[in-house]
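Participant: Here is a sequence with its predicted model. Questions after.
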Amino acid sequence: DLMPSDITGTVTWYAGGGGGATLTATRSDVGLGGTGGGGAGGRNYLFTYYDAVNGTANTGGGGGGACSDNSAGNGGSGIVIISYPQTAGASPIITGGTLSAALSSTYGTASSATSFTLSGVNMTAGILVTAPAGFEVSKTSGSGYAGSTTVGAAGTIATTTVYVRLSATAPASGTYNSKNIVLSSSGATSVNVPTTASGNSVSKATPIATLTVSNSPVTYNGSPHAATCAISASSVTGTVQNILIGGASNQSDVGSYPVTADFVPSDTANYDTLTGLAAGDFVILTTFTTWIDTYYTGEVNPLIVGPDADPDQDGQPNFLEFALNSNPSNASSSGKAFVKMATVGAVPNVLTLSVAVRDYAGAFTADGNNQTALDPNDGITYHIEASTTLGNWGALLVTQVPDTDAAIIQASLPTPAAGWSYKTFSTDSASRAAFIRVKVTTP
């Protein structure tokens, strides 16, 4: 029943069994389409059966058997097995283009995008696009960037544009030339799309910081002062270094000095250091400013706290009361300047003047017949003058009394406040009549 022209696969033929004889007949062996002792030979049938690889059937023809009434039985049917090998499908193939340009950015900001194209045939799944470290990929130019993205699905993947950029977190210390973007998919050979061989880079970012002098003003004390600065605002964490006051590490004289300092980010790998930031002024006050504030706290009216003001109306301006350790808010208080007749150099009855002088005043030196000392940081100058008349000051010689005699003269005087100390002067001891005074001037 089966013609050779009907068969296209591999044929395996299992013939039908021989027919069975009567019980008294001799039982025959299985033949190839033979006829049994009593019945007809088995008929052959064609089966086609498929599994994942080849069609197969696994049952041969059965032998004929005797019937229960002793009549001959027909032979069992034969089976033909035809195997059809499955034709293997074509392999998936990924095609990748090249990047159109190099990329550059500043740390903290993603770069603009460049792009390449890809496609695929015979795909069993989509194409996974994996960016190298520091890069991001997306299927759209303006959004959706991540470390990887999948393009297409099983079958044919048409030419598709993929966008690439440097990420905002790509470190400035990284290297980004000739790095591979990997295109991969199940069953396909992976394809690398390299970044350009040069020109890909991430620059350090410039932080924002505001610095403020935190220990100004200070009062002059003759010692050098250094400024400290606080970070009042910054875009990143950092520290303050290299603080300069008027271009130097410290200052000791009264004045207002511009302060500069460097802001050093904690992450120096990705942020630049800001050098020479202006932080305000460092002020070293005269002790006059501090002194007057103890009597008129918070007052700024120059008619009250100015050097030439006389708020207590005692005829003595503030700077004079300051110079001589007086009280500018009490009209009954006068400066500490005391005249005495004393023994100087074993000469009795010498006219002397003891004056409370600022400790920051320099040494008294001869200025003609006078003695003069400058206190530049307090802005005052002391002049000790003498005369034989009240109208001819400077006509009589003045000298400073030696320390031993001065100590005896000063012993009975009121103790000056901290920051002042007595200096004692005498007139020409040969003079029969003399007058002596202290004069204080400001620049």
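Facilitator: Sure, I can see it.

Participant: could you say what helices and strands the helix or strand hosting Val264 packs with?
Facilitator: Using DSSP states H and E, Val264 sits within strand 255-265. Applying 3 or more C-beta pairs under 8 Å, 6 or more residues apart in numbering; DSSP states H and E, one finds that strand 255-265 makes contact with strand 209-213, strand 229-234, strand 238-245, strand 274-285. C-beta coordinates here come from the backbone N, C-alpha and C atoms, glycine included.

Participant: got those strands as CSV, with mean neighbour count columns?
Facilitator: Formatted as CSV, the helices and strands packed on strand 255-265 follow (neighbours: other C-beta atoms under 10 Å):
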stretch, mean neighbour count
strand 209-213, 19
strand 229-234, 15
strand 238-245, 17
strand 274-285, 18
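
Participant: can you list those strands in a markdown table and add distance to Glu321 and mean pLDDT?
Facilitator: Shown next, in a markdown table, are the helices and strands packed on strand 255-265 (distance: least, C-beta to C-beta, whole Å; pLDDT from 0 to 100):
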| stretch | distance to Glu321 | mean pLDDT |
| --- | --- | --- |
| strand 209-213 | 31 | 98 |
| strand 229-234 | 37 | 97 |
| strand 238-245 | 31 | 98 |
| strand 274-285 | 18 | 96 |
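
Participant: I'd like to know which of the ones you listed lies nearest to Ser138.
Facilitator: Closest approach to Ser138 among the helices and strands packed on strand 255-265 (C-beta to C-beta): strand 229-234, 32.6 Å.

Participant: Tell me which other helices or strands the closest one touches.
Facilitator: Taking 3+ C-beta pairs under 8 Å, 6+ apart as the contact cut, strand 229-234 packs with strand 209-213, strand 238-245, strand 255-265.

Participant: who's in contact with the first one?
Facilitator: With C-beta atoms under 8 Å, 6 or more residues apart in numbering as the contact definition, strand 209-213 has outside contacts at 227-235, 238, 240, 259, 261, 263, 274, 277-282.

Participant: my read: Met258 touches Ala278, true?
Facilitator: For residue 258 the amino acid is Pro, not Met. Yes: using C-beta atoms under 8 Å, Pro258 makes contact with Ala278 at a distance of 6.8 Å.

Participant: re earlier: of all the helices and strands packed on strand 229-234, which one is nearest Gly362?
Facilitator: Closest among the helices and strands packed on strand 229-234, using C-beta to C-beta: strand 255-265, at 17.6 Å.

Participant: tell me which residues of that closest one are tucked away?
Facilitator: The neighbour-count check on strand 255-265 (16 or more other C-beta atoms under 10 Å) flags Gly255, Tyr257, Val259, Thr260, Ala261, Asp262, Phe263, Val264, Pro265 as buried.

Participant: who's in contact with the closest residue to the last one other than its chain neighbours?
Facilitator: Setting aside the residues directly before and after it, Pro265 is nearest to Tyr271 in space (C-beta to C-beta, 6 or more residues apart in numbering), at 3.8 Å. Tyr271 makes contacts with Tyr107, Lys204, Ala205, Thr206, Pro207, Val236, Gly238, Pro265, as judged by C-beta under 8 Å, 6+ apart.

Participant: got the angle for the strand holding Val264 vs strand 229-234?
Facilitator: 50 degrees (axes from the mean of the first three to the mean of the last three C-alpha atoms, to 10 degrees).

Participant: chain center to strand 255-265: distance?
Facilitator: 20 Å (C-alpha atoms, centre = their mean, to the nearest Å).

Participant: strands paired with that strand, and their directions?
Facilitator: Strand 255-265 has the following strand partners under DSSP bridges: strand 238-245 (antiparallel), strand 274-285 (antiparallel).

Participant: In JSON lines: the ones you listed, plus distance to Asn177.
Facilitator: What follows is the strands paired with strand 255-265, written out as JSON lines (distance: least, C-beta to C-beta, whole Å):
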{"stretch": "strand 238-245", "distance to Asn177": "31"}
{"stretch": "strand 274-285", "distance to Asn177": "30"}
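
Participant: What lies in contact with stretch 240-251?
Facilitator: Taking C-beta under 8 Å, 6+ apart as the rule, stretch 240-251 contacts 211, 224-231, 255, 257-264, 275, 279, 282, 284.

Participant: Now with 7 Å, please.
Facilitator: With contacts defined as C-beta atoms under 7 Å, 6 or more residues apart in numbering, stretch 240-251 is touched by 211, 224-227, 229, 231, 257-264, 282, 284.

Participant: Now the terminal residues of it, how far apart.
Facilitator: End-to-end span of stretch 240-251 (C-alpha to C-alpha, to the nearest Å): 19 Å.

Participant: can you pull the pLDDT of Val30?
Facilitator: We have a pLDDT of 38 for Val30.

Participant: scratch that, Thr26 is what I was asking about
Facilitator: pLDDT, Thr26: 36.

Participant: Kindly report the same for Met3.
Facilitator: Reading off the model, Met3 has pLDDT 44.

Participant: picking that back up, now the helices and strands packed on strand 255-265 in JSON lines, with distance to Val350?
Facilitator: Compiled in JSON lines, the helices and strands packed on strand 255-265 are given as follows (distance: least, C-beta to C-beta, whole Å):
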{"stretch": "strand 209-213", "distance to Val350": "52"}
{"stretch": "strand 229-234", "distance to Val350": "56"}
{"stretch": "strand 238-245", "distance to Val350": "48"}
{"stretch": "strand 274-285", "distance to Val350": "39"}
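
Participant: Let's see stretch 284-297 as PDB, backbone CA atoms only.
Facilitator: Output in PDB follows, covering the C-alpha atoms of stretch 284-297 (Å, rounded to 0.1, in the frame of the first residue of the first chain):
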ATOM      1  CA  ILE A 284      41.600  95.900  65.300                       C
ATOM      2  CA  LEU A 285      40.000  98.600  67.400                       C
ATOM      3  CA  THR A 286      41.700 101.300  69.300                       C
ATOM      4  CA  THR A 287      41.300 100.800  73.000                       C
ATOM      5  CA  PHE A 288      39.500 104.200  72.900                       C
ATOM      6  CA  THR A 289      36.600 102.500  71.000                       C
ATOM      7  CA  THR A 290      36.300  99.700  73.500                       C
ATOM      8  CA  TRP A 291      36.800 102.100  76.400                       C
ATOM      9  CA  ILE A 292      34.100 104.600  75.400                       C
ATOM     10  CA  ASP A 293      31.700 101.700  74.800                       C
ATOM     11  CA  THR A 294      32.000 100.600  78.400                       C
ATOM     12  CA  TYR A 295      30.400 104.000  79.400                       C
ATOM     13  CA  TYR A 296      28.000 104.400  76.500                       C
ATOM     14  CA  THR A 297      27.200 100.800  75.400                       C
END
